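In: using only what follows, build the 3D model:
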Amino acid sequence: MKKLNGLTEIYKFFRTYKKPIYFVSASPFNILGLGQLVPSLTYVNYFDCFDGVHHRVFTPKDRGAPEFTCLEDVVNYLLEHNETKDYMAKQGGGGHMMAVMFDEKTEQLAKDMGINLAMPSHELRNHLDSKIVTTQMANEAGVASVPNVLGEAETFEQLMALAKSGKLGKDLVVQTPYGDSGKTTFFIASEKDWQQYEKLIIGQEIKVMKRIDPRCGTVEAVATKHGTIVGPILTELVGHKELTPFKGGWSGNEGFVNVLEKNARTKLERMVKKFGERLYQEGYKGTFCIDYLIDKKDGRMYLGELNPRISGASPITNLLTQKYGGVPLLMFHLLEHMGIDYDINIRDIQKRWRDFDTWSQVVFKHTGDDVRLLKQVPRSGIWRTTQNNDVELVRRTADWSNVSGMDEAFFLRILGPGEYIYKGADMGVLLVRGHLQTKNDKLTPRAKNWVGAMKSQFQSASLETEIHPSLSDTDILGKVF
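Out: Below is the predicted model:
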């Protein structure tokens, strides 16, 4: 195939491409909108979040009652399901596949089915996913991290000794190598704090950081043969108790033009490009996500962490890059992993999405400690606020970019009636125009109204007291996805 020169030929290539492209995951959330420019893309999901409205979502009808321990289990279950195999065979076999999470078993299943897993290898991703490795690579690339030391601690005294060696003070942030959404980030300022978390820390290499008061954000980018393409800069919604049970847990993003002043934006883009080039040297190509931190005290910018994958920021990034620049960032990820030769001008492409409206996405997690059974959930589609600050479903739709006013929002339900929810379980995602967070990182009154009104649309029953009062906690958790 001849080299694709410029965006026009790239658009035409995807518009006329016949081989199937699959996104295999629990839900279609992470790459929503990409299918508008890639007609051969199909979402192969465990949950039909659109209840049959989306014509390119495939969900096995006979799902049984599997017990999943992670998202990789879901992906492998779908690939091994006979209904999925039959569906893919009818598409002509072969093709390409993307996934948020996968493992060695996924790689073998895809290979056996003749499908190209259009992702960096699991081995490489797992290596890069370590916060320790990320810090070391950032140092090599000349990218600053929050002042830190790496090491191990078996006692509070050893932790303090590590902190002292790095002149980090006594108010610390400790991270273990693997984890997300605040689950492996611990704030320790006293021996009492240490005692609360020590069982989750001891026996692992840890990153001990000086605690700063940061402004948090994220940037998605794509490492390519032509260099690193940096997407729009986003802020993060972090630790809001209405949305997540985890202190420091991610619960959404905002995208707006003046997230940072011009000089700071340029500095951040250069930082992401440098890190992307270091990743490409390591053999990594395609989408990755960088969390950044800006110290409110002195304005210094730091690398937060690396997510070497399609991430939770991918949907809003692709919305902004496609709606205002015509080029969803993930399109370049596909080109890299499909082995297509192409030529682009990165600087010109990034100029296309320098100006855009403000959009925000909010992720609803179950904030309780109990396990519950969902009885009623809000349907996916366009919702609108009413005069009495309630909400109503305007229409069911799969197009989440078709939100026309400040009183509208798109809601994507993840879990449906009959599904279990547990601490931290993703229940749904809300996309709105405008800000949902103040300059002081608090939810706006408008945000609180949307969150409260949408949460009221969920109805559930306690497994422990209402559904299965005779079961122990262990028995209940064994039934949870």
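In: check which helix or strand K85 maps to.
Out: According to DSSP states H and E, K85 maps onto helix 82-90.
In: that helix: which residues count as buried?
Out: For helix 82-90, burial by neighbour count (16 or more other CB atoms under 10 Å) applies to 84, 87-88. The C-beta positions use only the backbone N, C-alpha and C, and glycine is treated the same way.
In: R215 - nearest residue in space that isn't next to it in sequence?
Out: I294 (4.4 Å; CB to CB, 6 or more residues apart in numbering).
In: how about the contacts made by the one you found?
Out: 214-215, 217, 260, 264, 300-302 (CB atoms under 8 Å, 6 or more residues apart in numbering).
In: top of the residues you listed by neighbour count?
Out: In terms of neighbours by other CB atoms under 10 Å, the contacts of I294 top out with G217 at 24 neighbours.
In: I'd say it and G231 touch.
Out: No: G217 lies out of contact with G231 (CB atoms under 8 Å); the separation is 11.9 Å.
In: circling back to that earlier point, quick one: which of the buried residues of helix 82-90 is nearest K192?
Out: Ranked by distance to K192 (CB to CB), those are led by T84 at 49.8 Å.
In: residue contacts, that closest one?
Out: T84 neighbours (CB under 8 Å, 6+ apart): 44, 58, 60, 78.
In: give me the pLDDT for it.
Out: Per-residue confidence at T84 stands at 97 (pLDDT).
In: and Y420, by the same measure?
Out: 89.
In: how far away is it from S380?
Out: Applying CB to CB, to the nearest Å, the value for Y420 to S380 is 19 Å.
In: who's more crowded, these two?
Out: In this view Y420 and S380 are compared by other CB under 10 Å, and S380 has more residues nearby, 26 against 19.
In: E254 in helix, strand or coil?
Out: Secondary structure for E254, judged by DSSP: H, G, I helix; E, B strand; the rest coil, is strand.
In: compute the first-to-last residue distance for stretch 94-111.
Out: Separation of the first and last residues of stretch 94-111 by CA to CA, to the nearest Å is 9 Å.
In: show me which residues of that stretch are buried.
Out: 95-103, 106, 109-110.
In: ok so, going back, and the helix or strand following the helix holding K85, average pLDDT?
Out: With elements assigned by DSSP H and E, the helix or strand that comes after helix 82-90 is strand 96-98. The average pLDDT within strand 96-98 is 98.
In: ok, now stretch 194-212?
Out: 92.
In: I'd like the contacts of T84 as JSON lines, with neighbour count appended.
Out: Formatted as JSON lines, the contacts of T84 follow (neighbours: other CB atoms under 10 Å):
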{"residue": "V44", "neighbour count": "24"}
{"residue": "F58", "neighbour count": "18"}
{"residue": "P60", "neighbour count": "18"}
{"residue": "L78", "neighbour count": "25"}
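In: and the residue nearest to the spatial centre of the chain, what's its pLDDT?
Out: For the chain, the residue sitting closest to the mean C-alpha position, by CA atoms, centre = their mean, is G312 at 1.6 Å. G312 carries a pLDDT value of 91.
In: again, but for G179
Out: So G179 comes in at 67 (pLDDT).
In: report the buried residues of the lengthiest helix in the chain.
Out: Secondary structure of the chain per DSSP state H: the longest helix is helix 262-281. For helix 262-281, the buried set under the neighbour-count rule, 16+ other CB under 10 Å, comprises 265, 268-269, 271-273, 275-276, 278-280.
In: in terms of model confidence, name the weakest of those.
Out: Among those, pLDDT bottoms out at R265, giving 89.
In: once you drop chain neighbours, what's closest to that residue?
Out: I233 (6.2 Å).
In: neighbours of that neighbour, just the number please.
Out: Neighbours of I233 (other CB under 10 Å): 22.
In: how about it, secondary structure?
Out: strand.
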